[in-house]
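**Student:** Have a look; sequence and predicted model below, questions after that.
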Amino acid sequence: MLRKFRIILAAIVLCAVVLLFLRPWEESSLQLGFIAKLQFIPALLSLNVIILAVLIAVTLLFGRIYCSVICPLGIFQDIIGSLGRAEKKNKLRYTPSGEKKVRYVVWVLFAAALLAGISYAVILLDPYGLFGKMLATLGGKTAGWMVPAVSLVLMVVIGILAWKNGRTWCNTICPVGTTLGFFSRFSLFRPVIDKDKCKNCHVCERSCKAACIDIETKSIDYSRCVDCFDCVGACKFDALHYKVSIGQNKKSQALGASGDADAAGTDAGRRAFLASAVMATTAATLGAQGKKLDGGLAAIIDKKAPERTVPLVPFGSESVKDFYKKCVACQLCISVCPNGVLKPSASLEHPMQPYMSYENGYCRPECTECSQVCPTGAILALTPEEKTQFHIGVASVDRGLCVVERDGVSCGNCARHCPVGAIKMVKLNPEDPDSPRIPAVDESRCIGCGACENLCPSRPFSAITVNGLNVHIKD
């Protein structure tokens, strides 16, 4: 019964995450966005103390239920593992393994990378972010080569491990699994072996996807147990029960702890991981591109991204630095962006993390979808009214590219479509009453939405470029 209940809950969560990213209907992202905010590392980065406290409390009560029911990457591994067992027609194929100290090495390196501001750690190891990148790739919701390439490689690696050995990734590499393992060894409810009823048949041991049961010693490593309840359902002698266990299986706890020396050696790193809420990263610059002055064929020549002195990051970000230190590159904001403004970066400084560019559209003042679904606090939730109070960038005019001065035609497209009235058309020659009018930007009013840049008829580069602000300004 417990196993069936776990499978039902996991199926609901997985379906919700898939709908959240792939969006078969427009409102699904706003209705299901809370699922992303339940994930451990996004909650840590957003300093969501309530979610973190709930997840830790649940782990202390029931063990690593999170890994089997809430984490989408864990659920994905269970599905692959089940297919592997079905293909081999052998549901009892796992073998027990001893303590894998490599997980503590990976965990300490992960914590150190966070504190040192190395964004690669969270981008490549956060289980929610990894699954998000996989979904975005499979659903065609991303662009460029880096996200699909990295996602497919990791999907194959994690899939092979799950097919052959179940939860190897979770209990060897995943920092969330290791973190929750610190607490799950003290959980109140846990699977317990009744030594009097156990017949040493090894069925539970060979059905354990976490490889944490050693039937010879009648012990369970609770730091690795993900509470899937496969072992409880597999036992034919009623020797395994999920129940309150206080002071029992001390040997299991000792095995899970790997000795007092190992536990003491990781205390400092443990505190660093749980306390770390930020990553320090340097600001990124986009690759330089040479400008071509022969534009004007708007229906034929596609727009190209200009060189920006400061990258553009979404409304709701407090600054460029704050955005990139909290973003896990899950691709959710990119998936929900209706105008194609958000794109994954191919920069080595911020790999796969989003940036804004206006070749395909602009950031409409009434759209706040990315801010509603971001689980890490990289983009704070905004209303449309609040959005227009933020300044994320400033537009500047390149008169050499403006069709008014370059081609001798009247335009004013940028001024007509500016939602905040930051662009006025002024005379090129103030003393000539018949002088053509060119755009002038009131920088104090410009919010950086990119309407002017996107709708400028000049090709391949717009005559107006929006450069980001390192620190966003709020009126």
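**Tutor:** Nice, I can see it. The structure presented is a predicted model; accordingly, all values stated were derived computationally and were not measured.

**Student:** give me every residue that touches the nearest residue to residue 225 once chain neighbours are set aside.
**Tutor:** For residue 225, ignoring the flanking residues on the chain, the nearest one in space by Cβ to Cβ, 6 or more residues apart in numbering is residue 212 at 5.0 Å. (C-beta placed from N, C-alpha, C; glycine too.) For residue 212, the contacting residues are 96, 171, 220, 221, 222, 223, 224, 225, 256, by Cβ atoms under 8 Å, 6 or more residues apart in numbering.

**Student:** helices or strands up against the longest strand seen in the chain?
**Tutor:** Ranked by residue count and defined by DSSP state E, the top strand of the chain is strand 464-474. Strand 464-474 is packed against helix 320-326, strand 390-397, helix 451-455, with contacts defined by 3 or more Cβ pairs under 8 Å, 6 or more residues apart in numbering; DSSP states H and E.

**Student:** Swap in 7 Å and give it another go.
**Tutor:** Helices and strands touching strand 464-474, by 3 or more Cβ pairs under 7 Å, 6 or more residues apart in numbering; DSSP states H and E, are strand 390-397, helix 451-455.

**Student:** Flag every buried residue along it.
**Tutor:** Buried residues in strand 464-474, counting neighbours by 16 or more other Cβ atoms under 10 Å, are found at 464, 465, 466, 467, 468, 469, 472.

**Student:** Then stretch 346-363?
**Tutor:** Under the neighbour-count criterion of 16+ other Cβ under 10 Å, stretch 346-363 has 346-347, 350-359, 361-363 buried.

**Student:** How far does that stretch sit from its chain's centre?
**Tutor:** Here stretch 346-363 is found 15 Å from its chain centre; the criterion is Cα atoms, centre = their mean, to the nearest Å.

**Student:** Name the residues that touch that stretch?
**Tutor:** 119-120, 123, 133, 144-147, 150, 282, 284, 303-305, 311-315, 324, 327, 329, 333-334, 339-345, 449-451, 453-454, 466 (Cβ atoms under 7 Å, 6 or more residues apart in numbering).

**Student:** Out of the residues you listed, list just those in helices.
**Tutor:** The helices, defined by DSSP state H, take in 120, 123, 133, 146, 147, 150, 324, 333, 334, 451, 453, 454 from the contacts of stretch 346-363.

**Student:** Among those, which one is most surrounded by other residues?
**Tutor:** residue 133 (31 neighbours; other Cβ atoms under 10 Å).

**Student:** In terms of pLDDT, where does that one sit?
**Tutor:** pLDDT for residue 133: 94.

**Student:** Grab the nearest non-local neighbour of it.
**Tutor:** If the residues on either side of it in the chain are set aside, residue 133 comes closest to residue 151, at 4.3 Å by Cβ to Cβ, 6+ apart.

**Student:** Now do the same contact list for the one you found.
**Tutor:** Contacts of residue 151 by Cβ under 7 Å, 6+ apart are 133, 134, 137.

**Student:** mind putting the residues you listed in a markdown table, distance to residue 439 included?
**Tutor:** Shown next, in a markdown table, are the contacts of residue 151 (distance: Cβ to Cβ, whole Å):
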| residue | distance to residue 439 |
| --- | --- |
| 133 | 39 |
| 134 | 44 |
| 137 | 40 |
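
**Student:** which one of these is nearest residue 179?
**Tutor:** Nearest to residue 179, judged by Cβ to Cβ, of these is residue 133 at 21.0 Å.

**Student:** surely the closest one meets residue 148?
**Tutor:** No - using Cβ atoms under 7 Å as the test, residue 133 is too far from residue 148 to be in contact (8.7 Å).

**Student:** rewinding a little: tabulate the helices and strands packed on strand 464-474 in a markdown table, adding columns for distance to residue 127 and mean pLDDT.
**Tutor:** Formatted as a markdown table, these follow (distance: least, Cβ to Cβ, whole Å; pLDDT from 0 to 100):
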| stretch | distance to residue 127 | mean pLDDT |
| --- | --- | --- |
| strand 390-397 | 30 | 96 |
| helix 451-455 | 36 | 96 |
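
**Student:** Just send the ones you listed back as JSON lines, with distance to residue 102 too.
**Tutor:** Output for the helices and strands packed on strand 464-474, formatted as JSON lines (distance: least, Cβ to Cβ, whole Å):
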{"stretch": "strand 390-397", "distance to residue 102": "42"}
{"stretch": "helix 451-455", "distance to residue 102": "49"}
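
**Student:** ok, and the closest non-adjacent residue to residue 466?
**Tutor:** In space, and not counting its chain neighbours, residue 466 is closest to residue 393: 4.5 Å by Cβ to Cβ, 6+ apart.

**Student:** Distance of that neighbour relative to residue 317?
**Tutor:** Using Cβ to Cβ, to the nearest Å, residue 393 is found at 11 Å from residue 317.

**Student:** sorry, back to before: now render the contacts of residue 212 as a markdown table, adding neighbour count, pLDDT and distance to residue 423.
**Tutor:** Shown next, in a markdown table, are those (neighbours: other Cβ atoms under 10 Å; pLDDT from 0 to 100; distance: Cβ to Cβ, whole Å):
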| residue | neighbour count | pLDDT | distance to residue 423 |
| --- | --- | --- | --- |
| 96 | 20 | 79 | 69 |
| 171 | 28 | 91 | 57 |
| 220 | 31 | 93 | 67 |
| 221 | 29 | 93 | 65 |
| 222 | 26 | 94 | 63 |
| 223 | 28 | 93 | 60 |
| 224 | 28 | 93 | 60 |
| 225 | 28 | 95 | 62 |
| 256 | 23 | 40 | 64 |
